[in-house]
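Novice: Sharing a model prediction with you, sequence too.
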Amino acid sequence: DVKVTQSSRYLVKRTGEKVFLECVQDMDHENMFWYRQDPGLGLRLIYFSYDVKMKEKGDIPEGYSVSREKKERFSLILESASTNQTSMYLCASSDPGVMNTEAFFGQGTRLTVV
Amino acid sequence: QKEVEQNSGPLSVPEGAIASLNCTYSDRGSQSFFWYRQYSGKSPELIMSIYSNGDKEDGRFTAQLNKASQYVSLLIRDSQPSDSATYLCAVSFGNEKLTFGTGTRLTIIP
């Protein structure tokens, strides 16, 4: 059974803290993604990685960075958390192939910044 | 910027009827199209993918793609209360990132 696992379901952090969100997949997928989901705005792509140590900015990368040192792990870093980064964060992975294939999602991390 | 548009709803459909969900996209070169279902508090899960013009059926679900009109739809036949969820349309060009619409909230009324 395919699995994308995010390290925390719920997280509460203080403004200004450095926050790490971890994601691990066991499907040997090359592509990994970080999205945030907010009411009325849908899923918005923060960063995308298509290989180890490779990353590409998504639509809303400001205030975030990522790290992919191993194929199975993709970390999202909030350099200095702010209240407007309170959101649901979703990690996903996919196998690119010739055409893009199904993205599998983790269970999500609901982050609250106070 | 590549865009995906969905009617946010909410869409209410009587049990047993056909639910019709629509999605338009801005990039004419888009190649892969997906419908995800998301229950409240849960992650999105794929229910249909479609790559070629025409219809694709899987059980009670039918995805329809019209690349000339840049339009993709999802039909749910014999709607059940368990179909109540938010449905997300996603589009990608080649091997690139997936772009999602804002989702349509569907409620099936018993």
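Specialist: Perfect, thanks for sending it. Numbers count the residues shown, from 1 in each chain, chains lettered A, B, ... in the order given.
Novice: Pairing partners for the helix or strand encompassing residue A:65, with directions?
Specialist: Secondary-structure assignment from DSSP states H and E places residue A:65 in strand A:64-70. Pairing partners of strand A:64-70, with direction, according to DSSP bridges: strand A:73-78 (antiparallel).
Novice: tell me the mean pLDDT for the strand it pairs with?
Specialist: The average of the pLDDT scores along strand A:73-78 is 97.
Novice: Report the contact partners of the residue nearest the centre of chain A.
Specialist: Nearest residue to the geometric centre of chain A (CA atoms, centre = their mean): residue A:34, 2.6 Å. By CB atoms under 8 Å, 6 or more residues apart in numbering or on different chains, the residues touching residue A:34 are A:21, A:23, A:45-48, A:58, A:64, A:66, A:74, A:76, A:89-91. The C-beta positions use only the backbone N, C-alpha and C, and glycine is treated the same way.
Novice: now those in TSV, with secondary structure, neighbour count and distance to residue B:35?
Specialist: Output for those, formatted as TSV (DSSP: H, G, I helix; E, B strand; the rest coil; neighbours: other CB atoms under 10 Å in any protein chain shown; distance: CB to CB, whole Å):
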residue	secondary structure	neighbour count	distance to residue B:35
A:21	strand	21	27
A:23	strand	26	23
A:45	strand	20	18
A:46	strand	23	23
A:47	strand	24	24
A:48	strand	22	21
A:58	coil	19	21
A:64	strand	20	28
A:66	strand	22	27
A:74	strand	29	25
A:76	strand	23	26
A:89	strand	24	22
A:90	strand	24	17
A:91	strand	28	20
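Novice: Which of those residues sits closest to chain B?
Specialist: Nearest to chain B, judged by CB to the nearest CB, of those is residue A:48 at 4.7 Å.
Novice: which residues does the closest one bridge with?
Specialist: residue A:33, residue A:56.
Novice: Look at it and report its pLDDT.
Specialist: For residue A:48, pLDDT reads 91.
Novice: so it makes contact with residue A:31?
Specialist: Yes. Between residue A:48 and residue A:31 there is a contact at 7.1 Å, judged by CB atoms under 8 Å.
Novice: any idea where the strands of chain B begin and end?
Specialist: Applying DSSP state E to chain B gives strands spanning B:4-6, B:11-14, B:19-25, B:32-38, B:45-50, B:54-58, B:61-66, B:71-76, B:85-92, B:99-100, B:104-109.
Novice: Near chain A, which residues of chain B are found?
Specialist: B:1, B:8, B:31-32, B:34, B:42-46, B:49, B:51, B:88, B:90, B:92, B:94-103 (CB under 8 Å from any CB of the partner chain).
Novice: what do you get if the cut-off is 10 Å, keeping everything else the same?
Specialist: Contact residues (CB under 10 Å from any CB of the partner chain) of chain B with chain A: B:1-2, B:4, B:6, B:8, B:30-34, B:36, B:38, B:41-46, B:49, B:51, B:86, B:88-103.
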